[in-house]
Structure formats: structure tokens, C-alpha cells
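>>> okay, predicted coordinates and the sequence, questions at the end:
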Amino acid sequence: MKPEEIREKDKDIHAFLEVFDEPKTYGEGPLSGKTIAIKDNFLFEGHKASAGSKILENFTAPYDSTVVKKLKEAGATIVGRTNMDEFAMGSSTENSAYGVTRNPHDLERVPGGSSGGSAAALAAGLCDMSLGSDTGGSIRQPAAFCGVVGLKPTYGRVSRNGLIALASSLDQIGPFTKTVTDAEILYNVIKGEDPLDSTTINDETYPVQKKFDKTIGVPREFVEKEGVSEEVRKNLDEAIEKFESLGYNVVDIKLETLAYALAAYYIIMPAEASSNLARFDGVKYGLHKDGENSIDDYFKTRGEGFGRETRRRVILGTYVLSSGYYDAYYGQALDAKRAITEELRRAFRSVDLILTPTTPTPAFKFGEKSSPLEMYLADIFTVHANISGCPAISIPSGKVGNLPLGIELTADLGREDNLFTAGKDFMGE
């Protein structure tokens, strides 16, 4: 599809912030002939990277992120940068400084977030694949809302070098694709150790705990407590029946710590975000606003450059890290993170995968979530994977009317192979 055709089809959706005039193919490889869109927080040398924020409106990337280098080496054609919630803070792509992205299945509804632009671009047929970043569900949730496949790899499997950070211990880059097979292909291109990212790992980092024998655990008690819509509940039951018809053994499991995952996430993430975003001070790069003195410059730049949700999370993060509150909030959140990780790893000694809905509801309408807390609850089934570092995938599993639904499979650390096997079985690939 030519750039002008993408722009014309994207007018109502606004999945792209920029469609490149002359997209190039840099080599030959497993992605030859594939067009790929990248989220606006990936550095691509010579192109803008604003992270959906006014504070980086005119920032041009001075070098390629590692994943962009790997896309080039694999023969991909990068067609543009996609819209996102500012600094990846959001679950609906309503927080972009450059306007909302609409769900291709229903223009009155959100595409999910924060990687909503990447999911919508793929669902609308504007590219063959796309990449996003996932801090608490930002790939899997929009994948479910838009009816595509979305993968969050094991923490450290994909380099974050050149990714504009939200929360460094939670962020992970991953693919959006139409099929699980394509997700596996794109994942194999972008994964790998990177000397420029000391947190990257290899295939041998996590020893295999259990041989794959088609056992799926469902934390039914947790799912039924969390306000799941009737349509989503029914869809999960249908997915269970389908897996059983494919020869999988589906069993109920109890995961008591999952109840604390969302609270822990919304302490750890803002804390890390407040630290990461301190660099945007109007001095080194990005937006600068003149005040009466240097401190006033700083206040004006950040006040005008950051959107409402970003300011909210920076303030929250600064609070939980402050003297007198660090142990009460941040310290306890880290304790919860360890407990969640340990309980999940114990569960994976007896089951290969954990199955839940990806989201509690189908895609919601713009403005429907009237409070931040309501919006945060959209991440209830996805944050555990980021807290623990485990890989997870969202797979299309049906529709309510014209609105897609997704199921989520979570695997043990380093066991993306289990996700791909079960996902391909479920989708008949």
C-alpha cells in the first residue's frame, strides 16, 4: 500500500502520527515484503519520536533503537510511527497529545492502549505487522480490543535500547500480528541479547521447569471476582471448551497473589516513571518554555509539555518514593512483586499455561471511563505478566456483535514456545 493510500484510509482512525513518504527496504530476510508500523516511542534515526507527548514534539532520533536495526536487517519496510498514550501512560489511546485513535471495528470506541495506534493500524489493514511496548498490558489489551494477536515476551528477551522508557523494570517490546505464526516470526527477529541493554537474556537463562503436556490452569476464583462482563465470561468458557476439544487438560487453580498485582503495579510503575521522566526538563532536549528563572523554566516546560495523566502519575510516583512513604508503599509493592512472581513460578511446575480473559469487557466508548481508577481496572488481567516478567499472549477468541474479544495465555519465564504452540492450536494454524 502506498503512503498516500495509507493516509487516506487512516483519516477516520488516526492510527498513524506519521506515514513516511518514502519507506525503504534495507535488506533481505524473514520479513522481506512485510510492511511494519512502529510505536512512537521507538527511536528510528532521522525520524521523529515524540512518545505521544508535546514535550518531545520536535525531537528527532539521533540513532536507531536495537529493534529497528533488527527490522532493517530482516528486510522489513517500516511505513510509519503510530499514535500512543503519552509516554505509554493509558489504556485507551485517549491520552495522546496529538488526538485519539479510533477502533477500526467501531469508530465510537477506543482501540485500547497505550499501543492503540499499532493495534488499530494492523486491524485496519494499513500494515502487515506492527510493534508496540507493553508495561502493564499495552500490547495485549489493544490486541484484544482490535481483534489481533499481541505478544508480551519474557522480560529481557527483547532489547529496550532506544525505547523511550516508562517503567524500566516492566517495559517490554513485542509484536502485533494477524496470526500466531507471524507473531513467532517477528519475535524471533527482534529477540536476543544486546550489549547496549544489560537486562537482556538468552534462550538458556531460564531452565525448563516442566515438559509441555497440554495442561492449562484457570484461576477461576480470581476471574469471577473482578467484574468480568457476561459476554467475556461466556467467551472464556467457550475458549476452555475449545482447548479441551483440542486435547488440552484444563484445570482450576488458585492464585491468591493476583489480587494484589494491580495495586503493586500502580505503585511500581509511577515510581519508575517519575524517575525516568525527570530527564525531560527543557534543558537537554525537547520542549523549552521561558520563565522568570531557571526553576520557573523547569515548571513551565513540564507543566505545558506533559499531559494530565502523565502529570498525575509523576506526582503519584514522586509521593510513593518520598521520605516517610517509601517503605509504606514502594517497599511493600516490591514485596508483593516477589510474592506474585514466586506463586506464578510454583504454578508453572504443574501447568504449562494460565488462561484468563485479556480484558474484563469489550472495547469501551470514548469518555466512558470517567475516573482514573475505572481506567486502571482495564489492566486487571494483564499486569501480572509485567510484574513477574512472564511472557503472555492475547489471541482473538470471538466477538460481541462487531466488537472483538481476546483470551490471554501466560507462560513460565522463557517459555514463549508454549504460547506459540497453544496459540496456533487454538487458531487452527
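That came through fine. Numbers count the residues shown, from 1 in each chain.

>>> what about Ala120, neighbour count?
Neighbours of Ala120 under the rule other CB atoms under 10 Å: 33. C-beta: built from backbone N, CA, C; applies to glycine.

>>> let me know the secondary structure of it.
Look at Ala120: counting by DSSP: H, G, I helix; E, B strand; the rest coil, its state is helix.

>>> roughly how far does it sit from His105?
Using CB to CB, to the nearest Å, Ala120 is found at 9 Å from His105.

>>> anything in contact with each of those two?
By CB atoms under 8 Å, 6 or more residues apart in numbering, Ala120 and His105 have these common neighbours: Cys146.

>>> ok, which stretches of this structure are strands?
Assigned by DSSP state E, the chain shows strands spanning 16-19, 35-39, 77-82, 129-134, 149-152, 172-177, 215-218, 249-252, 353-357, 392-400, 403-411.

>>> please produce CSV containing the ones you listed, extended by distance to Leu316, mean pLDDT and mean neighbour count.
As requested, these are exported to CSV (distance: least, CB to CB, whole Å; pLDDT from 0 to 100; neighbours: other CB atoms under 10 Å):
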stretch, distance to Leu316, mean pLDDT, mean neighbour count
strand 16-19, 27, 98, 22
strand 35-39, 24, 98, 27
strand 77-82, 27, 98, 26
strand 129-134, 20, 98, 28
strand 149-152, 23, 98, 32
strand 172-177, 22, 98, 28
strand 215-218, 33, 98, 20
strand 249-252, 36, 98, 13
strand 353-357, 27, 98, 26
strand 392-400, 25, 98, 24
strand 403-411, 26, 98, 26
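
>>> and those strands as a markdown table, adding distance to Phe366?
Listed next are the strands of the chain as a markdown table, based on distance: least, CB to CB, whole Å:
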| stretch | distance to Phe366 |
| --- | --- |
| strand 16-19 | 18 |
| strand 35-39 | 21 |
| strand 77-82 | 18 |
| strand 129-134 | 20 |
| strand 149-152 | 21 |
| strand 172-177 | 21 |
| strand 215-218 | 32 |
| strand 249-252 | 36 |
| strand 353-357 | 22 |
| strand 392-400 | 18 |
| strand 403-411 | 14 |
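
>>> nearest to Gly52, out of the ones you listed?
Closest approach to Gly52 among the strands of the chain is made by strand 16-19 (7.7 Å; CB to CB).

>>> so what are the sheet partners of that closest one and their directions?
strand 77-82 (antiparallel) (DSSP bridges).

>>> who touches the strand it pairs with?
1, 3, 6, 15-20, 23-25, 33-40, 42, 44, 47-49, 68, 71-72, 101, 115, 117-118, 120-121, 126-127, 130, 132.

>>> tell me the angle of that strand relative to strand 129-134?
Angle, strand 77-82 to strand 129-134, by axes from the mean of the first three to the mean of the last three CA atoms, to 10 degrees: 40 degrees.

>>> CA atoms of strand 77-82 as PDB?
Extracted C-alpha coordinates of strand 77-82, given in PDB (Å, rounded to 0.1, in the frame of the first residue of the first chain):
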ATOM      1  CA  THR A  77       9.700  -2.000   5.300                       C
ATOM      2  CA  ILE A  78       8.900   0.500   8.100                       C
ATOM      3  CA  VAL A  79       5.900   2.600   6.900                       C
ATOM      4  CA  GLY A  80       5.300   5.000   9.800                       C
ATOM      5  CA  ARG A  81       5.100   5.700  13.500                       C
ATOM      6  CA  THR A  82       1.800   5.100  15.300                       C
END
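
>>> please renumber the chain so that the first residue is 49 from this point on.
Sure, I'll start counting at 49 from here, so that last one is strand 125-130.

>>> return the distance of it from the chain's centre.
Distance, stretch centre to chain centre, for strand 125-130: 18 Å (CA atoms, centre = their mean, to the nearest Å).
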